[in-house]
Each structure stands twice: as C-alpha cells, then as structure tokens.
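Novice: return atomic coordinates for the entry below.
(chains A, B, C and D)
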4 protein chains.
Amino acid sequence: MKRKIIFSIALLLVSLSSFSPANPIRIVFFGDSITQAGVSKTGYITQMLSMLANQGIADKYELIGAGIGGNKIYDLYLRHEDDLLAKKPNITVIYIGINDVWHKTSSRTGTDADKFEKFYNALIKKVQASGSQVVLCTPTVIGERYDATNENDGDLNRYSDIIRKIAKNNNCTLIDLRKAFLAYEQANNTENKESGILTTDRVHLNENGNKFLAETMWSVLKDLK
Amino acid sequence: MKRKIIFSIALLLVSLSSFSPANPIRIVFFGDSITQAGVSKTGYITQMLSMLANQGIADKYELIGAGIGGNKIYDLYLRHEDDLLAKKPNITVIYIGINDVWHKTSSRTGTDADKFEKFYNALIKKVQASGSQVVLCTPTVIGERYDATNENDGDLNRYSDIIRKIAKNNNCTLIDLRKAFLAYEQANNTENKESGILTTDRVHLNENGNKFLAETMWSVLKDLK
Amino acid sequence: MKRKIIFSIALLLVSLSSFSPANPIRIVFFGDSITQAGVSKTGYITQMLSMLANQGIADKYELIGAGIGGNKIYDLYLRHEDDLLAKKPNITVIYIGINDVWHKTSSRTGTDADKFEKFYNALIKKVQASGSQVVLCTPTVIGERYDATNENDGDLNRYSDIIRKIAKNNNCTLIDLRKAFLAYEQANNTENKESGILTTDRVHLNENGNKFLAETMWSVLKDLK
Amino acid sequence: MKRKIIFSIALLLVSLSSFSPANPIRIVFFGDSITQAGVSKTGYITQMLSMLANQGIADKYELIGAGIGGNKIYDLYLRHEDDLLAKKPNITVIYIGINDVWHKTSSRTGTDADKFEKFYNALIKKVQASGSQVVLCTPTVIGERYDATNENDGDLNRYSDIIRKIAKNNNCTLIDLRKAFLAYEQANNTENKESGILTTDRVHLNENGNKFLAETMWSVLKDLK
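Specialist: Take a look at the predicted model:
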C-alpha cells in the first residue's frame, strides 16, 4: 500500500513536470534598442526561445523583453519599478552601456564614467532587494573593425571594465558580450569592415548578430537556477 | 512683587513665542554646485538668511542647502529620497539645468531635452506626493555676454522654455532666474564681458551674483505659504 | 555704296557692344553646400541670373558658383588657387562659416574662433593680392526659430561678429546675411518653427530661401563696380 | 711657388671641412606643442643634439624646431611657407595628428579623417616640390593606459593607419611613434596608469618621454642622407 502511494506521487510529479511546470523561470531582459528589437521576428530573445523549443525546454522558461531605444543606465533606473520589478523576474539580465558611450559622440549626451557606475550600482541594489537574481552584460560594439580603430573603442573597453568590476563587487553573474563579440570579429571579419558582420549599421544587430548574441547569452543563462 | 515678575516672564514668553513660531517654514534648495556653494560665507543661501535676519523674520524660516557639484536633473532624481524628502521640506526649490546644457560642450555628457523634461516631471511628481510645495528655477548663465553670443545661449534659452512649460503644467511657482540675469547683464555689463559681473568664471557666482540671486529668489519666495 | 556698308557695319558693332559688353563683371561665389546648390535650378545664383535678365542687365555680369559641400574656412584656403583665383574674378563673394560652427555639434570637427579668424584673414590677403575685390557674408541660420533657442545660435552670432570685424579691418564690403535672415524669421516665422520657412532642414535653403538670399545679396552687389 | 700656394689652400680646405662641414644636414621638425617644447632644456630636439654630440657627429647635423602649440594638420599647411620652406630643410620631419584627434573631444574642433588626409597630402606635395625629403610620424598617445581603454585610442589608431598609408603612397620614410610608444607602455606601465610614464598629463612628454622620443626618431633619422 505504502509503495503504491509513493509510486503514485512519483507518477504525479513526472506528469506535472512533463506537461507544464508550475513555475517556469522568468527572465527579463532590461536594455536598449537592441533588446527592444530582441522580441522581433529575428531578434535575440525570439531566437533564444526557438533554441529552447528545439531543446524541448521552452516550458521551463519565460523570456520577457523590456528594452527601449536610446536608453542609458539612468533611463533604466528611472523605469525599473514599472518596467522591470512589476514583472517579478527570477532573473534580470541588464544589457546596457552602448548609448552611454555612443551618445557622447553622436549627441553630446553620453554618461560620465563615475555616474555610469553610480546609477548601475543603485539599480542593482533595487533589483536585488526585490529578490531577483541579477546578470550583467558588457556592451557589444560600436563599429565592427577588429583592429581597435573604431572611434568609441577606448570608452567601450573602459565601460566594460567598469561593468566587470561592478559584477564582481555585487556577486552578479557576468556575460562578457564585448569579449565574445571582439573574438568573433577577430576570427570572421577578415576584411576589417565597419559593419555587415554582426550588425547592420555598426551597432544594431543583423540576424546573424542576434543569433550569436542569443547563443552567447544562453551559454551562461542555462546554468543559472 | 514676585507675582509681578512671574507675570512679566509669562508675558515675555508668550510674546517670544508669537515672534518665534514653533514651526518655521522649511525651504530646501535642491541643486548643483551653485547651491552647494550657496551655504558658504558669501553664498546665496547664507545671504538670504542675513536678509531675513535684517527683516526680523529669520525665525520664521529654515533654509537648507542640498546642492552637489556637477549635478544634472537625473542626479537630483537619484538622490531625492535621501537628500530631499528625508529633510521633510515645506517648500522645495529646484534650481538645476546648467550642467544638463553645459556638459554637452564641456564633456559630451549633457542631457537630451526630452529626457530633461521626463526626469524633471518624474522628480516633481515624487516631491509633490511627499506633500512639499515645489518651486522651479530657470538656469542662470554660462557666459555673461548680453548679446546672445555665448556658445550655450541657444540651449539655455530652450531648456528655460521647457522649465517654464513644466512649471505651468504642474502648477508650480516659477522663479525665472535666466530672465532676471539676462536683464541684469543687459543693464550692467556695458563692456559685454564674458565673466566678472555676476560670475567668477562664466558660471559660478561671485559675491554680487549670490546677492542678486538671493534677492531674486526671495522676491518670489516671500509670498509663498 | 561701299562706304555706306562699312558705315552700317561700324554702327552695328557699336550697337552690339552697347548690348553685350566686352568685359562683364565676373563674380565668383566661394562657399559651401548652399553655394554648391546655388547653381541648381532653384539655387540662389540661378535666381540671381534670372533677376538680372529681367532687369535687362544679364550681359553685364558673369556669375560663377564655386561651392563645395561641407567646406569650412580652411577648406576655402586650401583650394583658393585652383577654384577661385584661376577663375580671375573681379569680385569674390565669400559665404562661409556655417560648417565651422555646425560641425562642432554635428561631428566635433568645427573651427576654433581664433583659427577661423586667422584663416579668413589669410584667404582675404591672397584674394586681394590677386586683384579681386572681396565681399564677405555672415552665415545664415542653423535652425530657424527666431527666439534665440536654436542650439548653435550663440556661436553663429559670435562668428558673425568676427566676420563683421574682419570686413571692417580689411575694407571689405559686407553682406550681413545673418541679420537679414533673423529679421525675416522674426517677421514671418510666426509659429517659431525649426525649418520650412527659408530652409528645408534647418540649414539648406528651400526655393524661397534661395530667392531671399539672391535678393539680399544683389541689393549689395548691384552697387559694386 | 704657385704650386705651393695651391697646395696650402687645398690643405686648408681639407682641414676646415674636417672641423666643420660646409653643409650639415638640416632637419626641421614641424609639429605641435610637443615639438614647441622639443627645444626646451629637456625637450626631444635638445636631447637629440646631446646624443649627436656624444657620438661626435653634432657638426654633421643642424636640428631646428618648428612647433606651435595646438597645431593640427591644416595649421601646418597654413604656415608651411614661412615656418618650414623658408628654413630650406634637407629633411622635414612632420609630427602631427594628436590635436586633430584630441580636439574632437576637448573642444569639438578636431579634423575629419578625410580632410586630415587631404591636407596632409597637400602639405607633402608642397614640401617635396621644395626639394626637401619628407619623414612622417604617427601620433604618440592621449592617455598612457596600455589596454586600449583611453578614450581617444580608436581614433589615434585610425589616424595612424592613415599616416602609414600616406607615407607609403608618397614614398616617405615613416617613424612609427605610436607603435613604439604602445610597446613601451605595454612593457613598462605595469600599473596601467593614465600618465606619468612618458607624459606629464597624458599627452605632453616628461623628460623620459622626450628621451624615448629622441631615441626612437634618431634610430630612423640616422640612416637618412
């Protein structure tokens, strides 16, 4: 009798887990235009969903995009309650920093390094206080030339270093997108082109770029619990 | 005789209390380096206190400086809970905007006009929700030449227009510092100098500038309740 | 008979020469994209030619455009031998300065005020040494708002002042385009629009802007000899 | 008797030439503030002179500084007749480009890459036409961090590539200062400091920097004839 009950419970658990987990892991991607486009047909979040489906684990995760074009770190801070915490994420992936650097040269409205760090830390504190795990990403590229001749390369490298330090100081998982993208360009951009390898316009990702981003992110996210 | 003395003391205390209210009006000045220097020996807040003392009304007001050098509108938003609301002001005077414009040309980290407006509105909403009255100031000057040849004049005028609009939309009292300063330069800067009239360095106020600022502000603040 | 024919031919030649002068006044317009577009169908040089034709004085002048998009004062200096002096102008109209100011904010490659003046003076010296009369123009507009809220207004006003000073110091005729354009905006831009009155895009002139420019320039050029 | 006199004169001429060559090689260094400071007590030109004296070959060379603070490529073009060609150099060393990049971020008055190339080529053409040999230098550093995190690194690398290309196209000797300086920083700047290794302020050279510059330049110049 006792064995029968145990067997039934085991069966029930199997059934539940095989049909639809009561609590999929909810991951919110909090970022800029790349994340806003991430939920489009070829966007990185859409492609990540396909990857999960192919692996038969789509129902274990809920992926939500929360990106707005032109956002910098302080814009994320301004809208973190309404657009992030309200979604009650288990995992928050912060992918920001390109506009903080780029807008220095495009519109003279970038973000000073010290304020970038200050707002980033303030945001992490709020998200961690909400109970969500926080994952940080370094910014990808502004210009795809692999030989360090893109105008914003110096600052992108510097702000990436700041993010790496913040991740360490706050015990956050890091997805080092910039490192991955630079390695990809080194290996594949044999003509040292400004765009067209992973981006359409030096910044925004083409389908291949979104695919590479999805794979790079997932290689880290898959191990989080 | 003894009763008479006691009576006199009682009368005196009553009189005093009628002069010295239990609840002075607390005004917090929330701003940038000019406000940070506002509490120094010749700063505008210090000079305003002297003015109130000379008028015999110093005990009716409590003036508190909350300025930090380099602050822009989004920095005020970041620290409004700790540095402003925690002080429980009756009246909040927001005097910001110079760095939002100036840092465009000095360090490529100014604030876009649309985001300036968005953060300003968000800040007002928070302060008004706390029960404090909100007073807005237009930015003063970056360069004192009166003939519209200072590099940042166009943007300073534009951001001043934005603040005037925000004040109107939120039913906030406006202290139009820029208008007052431009009129002062027109009348007094006969040699069309870049600095030395109201500022030491085109932006930060000299003693005379702090005096003029104190008078201009008080001419509006005195009527608030 | 023979004498009569000879007399008739002589008369004819005299008549012809009174209609078509052997030496029309050659005016070269030396400038940037506005001057490059000045020779297009609705450009200001083309419209000026029509004005002259309507007044029956087209054959007294030769108008030549020598504008290249993106040019600043130092670009004019670099190409003044090949593109200006080689054309042996009687009158040189220099219309430059917009990009020297504008590129500060659009691409961080504007021209410092002191170097603007130095190159301008060096150019005038070379042109005057060639025997050409030199006419200077102040820059028109970058943004058409009449209330001094266009971002580059401060610098445009300042560089205009520099050109006015250079004209005076070098005994050059001045065409004060900026003054004329600002007066036009004040009178006609009742909605305070950024573009669409005299420009298509805040800088480059629409047909009406080219017409106003042609008239403004000609009102000064017509009196030169 | 006559033969004796002739012999004596011949001897005298030989003696004279061995003490002080009739025609030392005249090298003019044409550049910016680093070259202006190059003739100061610890400047690179002064140190190069000491090196030559130590090697006993000081009288074979005449080293002349022609640097002016703040100069960019177009400033060199403007003053090449008066400040360079008038000195009749055998060898012209052009060391320019730092301000063309730096002023983009310091004052929004840098030089566009395409115009940098155009003015550089125009300058070389003029100098070569004068009969002087032309030697080009890549720009050194704006910030000494060796890990590609200095803000201007991307552009410095790019403009260095442009200079390398110009040198090749015009058959000019190249002194690749940037390559040498980056290698030095990699080897010696173990703490990845912004300044203090070869510069005092991220750009201008300290005594050690001037020494390294003198040695690097001379290692190439010594072989020129």
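
Novice: how far does the strand or helix carrying residue A:216 sit from its chain's centre?
Specialist: Element membership for residue A:216 (DSSP states H and E) is helix A:207-221. Its chain's C-alpha centre lies 9 Å from the corresponding centre of helix A:207-221 when counted by CA atoms, centre = their mean, to the nearest Å.

Novice: mind giving me the packing neighbours of it?
Specialist: Other helices and strands packing on helix A:207-221, by 3 or more CB pairs under 8 Å, 6 or more residues apart in numbering or on different chains; DSSP states H and E, are helix A:44-54, strand A:91-95, strand A:133-137, strand A:173-175, helix A:177-188. C-betas here are computed from N, CA, C, even on glycine.

Novice: angle of it against helix A:44-54?
Specialist: Orientation of helix A:207-221 against helix A:44-54 (axes from the mean of the first three to the mean of the last three CA atoms, to 10 degrees) gives an angle of 60 degrees.

Novice: next, the buried residues of helix A:207-221.
Specialist: Of the residues in helix A:207-221, A:209, A:210, A:211, A:212, A:213, A:214, A:216, A:217, A:218, A:220, A:221 count as buried by neighbour count, 16 or more other CB atoms under 10 Å in any protein chain shown.

Novice: now do the end-to-end distance for stretch A:30-45.
Specialist: Separation of the first and last residues of stretch A:30-45 by CA to CA, to the nearest Å is 12 Å.

Novice: just stretch A:200-210 next, same as before
Specialist: Chord length of stretch A:200-210, first to last residue, is 11 Å (CA to CA).

Novice: quick check: mean pLDDT of it?
Specialist: Average pLDDT, stretch A:200-210: 98.

Novice: residues contacting residue A:111?
Specialist: Contact analysis of residue A:111 by CB atoms under 8 Å, 6 or more residues apart in numbering or on different chains lists A:72, A:73, A:74, A:100, A:101, A:103, A:119, B:109.

Novice: could you look up the SS state of the fifth one?
Specialist: Looking back up the chat, that one is residue A:101. Using DSSP: H, G, I helix; E, B strand; the rest coil as the criterion, the local structure at residue A:101 reads helix.

Novice: tally up the residues packed near it, please.
Specialist: Neighbour count for residue A:101, taken as other CB atoms under 10 Å in any protein chain shown: 26.

Novice: equivalent analysis for the fourth one, please.
Specialist: Residue A:100 has 29 neighbouring residues, counting by other CB under 10 Å.

Novice: what do you get for the second one?
Specialist: By the other CB under 10 Å criterion, the neighbourhood of residue A:73 contains 26 residues.

Novice: my read: it touches residue A:113, true?
Specialist: No: between residue A:73 and residue A:113 there is no contact under CB atoms under 8 Å: 11.0 Å.

Novice: residue A:63: helix or strand, and which one exactly?
Specialist: Counting by DSSP H and E, residue A:63 is part of strand A:61-67.

Novice: quick one on the thing from earlier: turn the contacts of residue A:111 into JSON lines, including distance to residue D:203 and pLDDT.
Specialist: Putting the contacts of residue A:111 into JSON lines (distance: CB to CB, whole Å; pLDDT from 0 to 100) gives the following:
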{"residue": "A:72", "distance to residue D:203": "29", "pLDDT": "98"}
{"residue": "A:73", "distance to residue D:203": "29", "pLDDT": "98"}
{"residue": "A:74", "distance to residue D:203": "31", "pLDDT": "98"}
{"residue": "A:100", "distance to residue D:203": "25", "pLDDT": "98"}
{"residue": "A:101", "distance to residue D:203": "21", "pLDDT": "98"}
{"residue": "A:103", "distance to residue D:203": "25", "pLDDT": "98"}
{"residue": "A:119", "distance to residue D:203": "30", "pLDDT": "98"}
{"residue": "B:109", "distance to residue D:203": "21", "pLDDT": "98"}
